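Student: Sequence first, then the predicted structure:
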Amino acid sequence: MEDGAPPIAVPDEASRLDSLRELGVLDTPPEPCFDRIARTAATVMDAPRAAILFLDADRVWLKARVGIEEQQYPRLGSLAGEMGACREVTISADLERDPRFAARLPELAQADVRFYGCAPLILPDGALVGLLEVGDPKPHAIVTDAQRSALSDLAALAVEELLRRKHEREGEAQRRYDDQRVALALETAGLGEFEWRMDTDQIFVSDRVQEFTGTRRDSLRGEGGQVTLRSVHPDDVERVRREIDAQLKTSGRYCVEYRMIRPKDNQVRWMRGAGVLATAPDGSPRLIGVLQDRTQLQLDEEHRAALLAELDHRVKNVLATVQSLAAQSARKTTSLDAFLKTFAGRLKAMASAHELLTATRWRGAMIGHICAAELGGLSSGQCRWEGPELMLTPRAANALSLALHELASNAVRYGALSVATGRVLVTWRQRPGGGFELDWEEHDGPPVAPPKRQGFGATILEQVAARELGGEVRVDYPREGVRAHVTADASSTAIEAGPAHAEAATAPRPEGASVGEAPPTTGDVKGLRILIVEDAVLLALELEAGLNDAGVNVIATAIELDEAMEFLNRDFDAAVLDVNLNGRLVTPFAEALKARRIPFIFATGYGEANAPEGFDAPIVRKPYNVGQIIAALVEATGRG
């Protein structure tokens, strides 16, 4: 022990046995190293018997032995068992004359010697796990200090060997664990391994690399590293060679992407290869690396790029359409209020169509679902629709949504839906040559007369919708009620609807009726203190202005969830909550409001199905107008 070093605590018996078993030495075959130590001890001590033994729970087990027959014997009552408590080198020239042992010799087993010596095998943690013993049936006249030191040194050598073996086993176990982990990572990532032994010009490849390249493990020569370029697409070979050489010279590693012609089927695959220069334990140079077949990743990236391009195209089309709707609506209206009302209604029709298309991943929308979206909110039972299941293309669905919206808006203002007794029937059928026909019939409304001037709504019906549907829209004005006949060619219909369209399984049926209630009486919202939580700043500003005009006091507007949470201690009567705030759900804030019994409404562009669950709050779908928000606030606050 070094001067000043704290003494090592002696472990208890359970801990000592744990340390012994961690060595992994018990019940193992003889090993030359330990046998040499035992023989050397016998020679140095001039004794015919020697052993390296370990003190198990109830036995003494001999790893190496000289002149001793037994492999093991009971620990209790044995001389070795007694000496297991001694942590110093002990030597007795004659046990029968040694007062330390003489009185107990008759009681001890395995004590048929006169000369005896032992050195403890003590591990770094303080555990005494065994002994290096020597013995002679004859007494010895004298024991020198050199012999005592040699016995101690040999015991220390045995401990060092035990620890070395233990560390080797632990290292091997760790390597196996690391190999399994690396193998799992390689398999999960779809990587194959290779190694080029540059001194012997041999390349060793994994099974996956063989599968990628068609090479054979037992006959692969490195060819100065050029063999790795065999399967590279001819158009990429020179580039790949230049990039690998340049990167290896610069950093000693490389990573390149290229096309490969797979030998087994001549299919072009996209690959990524990476490697690093390394030195093997024997000092020889190696290039180790991995290959990855990233064909599917490449296809996914190309698909994403195509989707982004398509999204960009559609967004621009939508913006252009909105711009056109705004301009045309403005030209054909005589007041700002009329413009805002008609323009907002047309935007809502477009939004309804887009929501239906999103549900089918833009494969199309059912006519029945379009009718339900545009007409389902009208007064209960006043509007009915029926017809076969027909899926329209996205372009046709948008056109029909606008057409139905215009017809419904006119019916509400001037036609059958302007009175409680009026009725509207919408029917459609498939045309033999493809496409469909749809009829709009109004009944029991006020007398009808042809309009004196043509507004933009008529333009939408007779020109925009007709062209988008590849047919025509004809509107007649008999005295008993408006009639509209829509025809569309085969290009307007998508694939037949069927069980495969699971996305639309929960949508309204092709036959249905309006289920909305009559417009509610506007409640008193004047003086209501409102918090707006909306991440679209322009939309929030417009809503705030509209609510202020209605006499509502907007106390603040939050555009982030964290900002909204800071307003919880402010005094307000209700809140308007955008469901998604820059990718974060407003749910935590809604839960806090619910706990404080503060009413609120949700505003969402994702549809009611995606609104937070567990809240009894009105839901307004975007795009909305201020009137819808006010009606929802009246409902939420009970001011109706």
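Tutor: Arrived safely, thanks for sending.

Student: rest of the way, CA atoms for contacts and neighbours
Tutor: Will do.

Student: So, low pLDDT: which residues of the stretch 401-550 of the chain?
Tutor: 454-460, 463-465, 495-523 (pLDDT under 70).

Student: Just the strands from it, written as ranges.
Tutor: Remark: strands assigned in the stretch 401-550 of the chain by DSSP state E, counting those that start in this stretch are 423-430, 436-443, 472-476, 483-488, 512-513, 529-533.

Student: mind checking which of the ones you listed is nearest residue 248?
Tutor: For the strands of the stretch 401-550 of the chain, proximity to residue 248 was assessed by CA to CA; strand 529-533 is nearest, at 55.0 Å.

Student: where do the helices sit along the stretch 151-300 of the chain?
Tutor: The residue ranges that make up the helices of the stretch 151-300 of the chain, judged by DSSP state H, counting those that start in this stretch, are 207-213, 237-251, 295-331.

Student: among those, where is the model least confident on average?
Tutor: Summarising mean pLDDT across those, the least confident stretch is helix 295-331, with a mean of 66.

Student: Would you mind measuring from residue 603 to residue 405?
Tutor: With distances taken as CA to CA, to the nearest Å, residue 603 is found 22 Å from residue 405.

Student: re the thing from before, okay if I get the strands of the stretch 401-550 of the chain as a markdown table plus mean neighbour count?
Tutor: Putting the strands of the stretch 401-550 of the chain into a markdown table (neighbours: other CA atoms under 10 Å) gives the following:
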| stretch | mean neighbour count |
| --- | --- |
| strand 423-430 | 20 |
| strand 436-443 | 20 |
| strand 472-476 | 18 |
| strand 483-488 | 20 |
| strand 512-513 | 22 |
| strand 529-533 | 23 |
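
Student: Out of those strands, which is closest to residue 14?
Tutor: With respect to residue 14, and counting by CA to CA, the nearest of these is strand 529-533 at 64.4 Å.

Student: Return that closest one as PDB; C-alpha atoms alone will do.
Tutor: Once non-C-alpha atoms are left out, strand 529-533 reads as follows in PDB (Å, rounded to 0.1, in the frame of the first residue of the first chain):
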ATOM      1  CA  ARG A 529     -64.100  40.900 -23.600                       C
ATOM      2  CA  ILE A 530     -62.400  38.500 -26.100                       C
ATOM      3  CA  LEU A 531     -58.900  37.100 -26.400                       C
ATOM      4  CA  ILE A 532     -57.900  36.100 -30.000                       C
ATOM      5  CA  VAL A 533     -55.300  33.300 -30.400                       C
END
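
Student: Check which helices and strands that strand sits against.
Tutor: Secondary-structure packing of strand 529-533 (3 or more CA pairs under 8 Å, 6 or more residues apart in numbering; DSSP states H and E): helix 537-549, strand 553-558, strand 574-578.

Student: Given the second one, what are its sheet partners and their directions?
Tutor: Strand pairing for strand 553-558, determined by DSSP bridges: strand 529-533 (parallel).

Student: For the stretch 101-250 of the chain, which segments count as strands?
Tutor: Listed in chain order, the strands of the stretch 101-250 of the chain (DSSP E, counting those that start in this stretch) span residues 115-122, 128-136, 191-197, 202-205.

Student: What lies in contact with the third one?
Tutor: Contacts made with strand 191-197 from outside it, assessed by CA atoms under 8 Å, 6 or more residues apart in numbering, are listed as 186, 202-209, 222, 225, 284-293.

Student: Now which of these would you call buried?
Tutor: Among those, those classed as buried by neighbour count (16 or more other CA atoms under 10 Å) are 186, 202-206, 208-209, 222, 225, 285-293.

Student: ok, residue 264 touching residue 214?
Tutor: Yes: under the contact definition of CA atoms under 8 Å, residue 264 touches residue 214, with a separation of 6.7 Å.

Student: Between those two, tell me which one has more neighbours.
Tutor: For residue 264 and residue 214, the more surrounded residue by other CA atoms under 10 Å is residue 214, and the numbers stand at 14 against 10.

Student: Now do the contacts for the closest residue to the more buried one other than its chain neighbours.
Tutor: For residue 214, the nearest residue in space outside its immediate sequence neighbours is residue 263; the separation is 5.8 Å by CA to CA, 6 or more residues apart in numbering. Going by CA under 8 Å, 6+ apart, residue 263 touches 213, 214, 231.

Student: So this protein: which segments form each domain?
Tutor: The chain breaks down into these domains under automatic domain parsing: 13-169, 190-293, 344-513, 529-637.

Student: Now render these as TSV, adding distance to residue 181.
Tutor: Shown next, in TSV, are these (distance: least, CA to CA, whole Å):
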stretch	distance to residue 181
domain 13-169	18
domain 190-293	13
domain 344-513	39
domain 529-637	35
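
Student: Spell out the secondary structure type for residue 21.
Tutor: What DSSP: H, G, I helix; E, B strand; the rest coil gives for residue 21 is helix.

Student: Give the burial count for it, as a bare number.
Tutor: The local packing of residue 21 (other CA under 10 Å) involves 13 other residues.

Student: so for stretch 79-94, what's the average pLDDT?
Tutor: This predicted structure assigns stretch 79-94 an average pLDDT of 91.

Student: which residue sits closest to the most far-flung residue of the chain relative to its centre in space, ignoring its chain neighbours?
Tutor: Taking CA atoms, centre = their mean, the residue of the chain most remote from its mean C-alpha position is residue 141, at 79.2 Å. Closest residue to residue 141 in three dimensions, ignoring its sequence neighbours and counting by CA to CA, 6+ apart: residue 93, at 6.5 Å.

Student: Tell me how many other residues surround that neighbour.
Tutor: Count around residue 93 with other CA under 10 Å applied: 19.

Student: just residue 297 next, same as before
Tutor: The burial count for residue 297: 12, using other CA under 10 Å.

Student: residue contacts, it?
Tutor: With CA under 8 Å, 6+ apart as the criterion, no residue contacts residue 297.

Student: how close does it sit to residue 524?
Tutor: Using CA to CA, we find residue 297 at a distance of 58 Å from residue 524.

Student: now do residue 224
Tutor: Using CA to CA, residue 224 is found at 87 Å from residue 524.

Student: what do you get for residue 100?
Tutor: Look at residue 100 and residue 524: by CA to CA, they are 107 Å apart.

Student: The two: which is more packed in?
Tutor: A count of neighbours by other CA under 10 Å puts residue 524 above the other of residue 100 and residue 524, at 17 against 11.

Student: My guess is that one contacts residue 639. True?
Tutor: Yes: with contact taken as CA under 8 Å, residue 524 and residue 639 are classed as touching, separated by 6.1 Å.

Student: Pipe the strands of the stretch 401-550 of the chain into JSON lines and attach distance to residue 38 per row.
Tutor: Formatted as JSON lines, the entries for those read as follows, by distance: least, CA to CA, whole Å:
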{"stretch": "strand 423-430", "distance to residue 38": "101"}
{"stretch": "strand 436-443", "distance to residue 38": "101"}
{"stretch": "strand 472-476", "distance to residue 38": "108"}
{"stretch": "strand 483-488", "distance to residue 38": "102"}
{"stretch": "strand 512-513", "distance to residue 38": "98"}
{"stretch": "strand 529-533", "distance to residue 38": "84"}
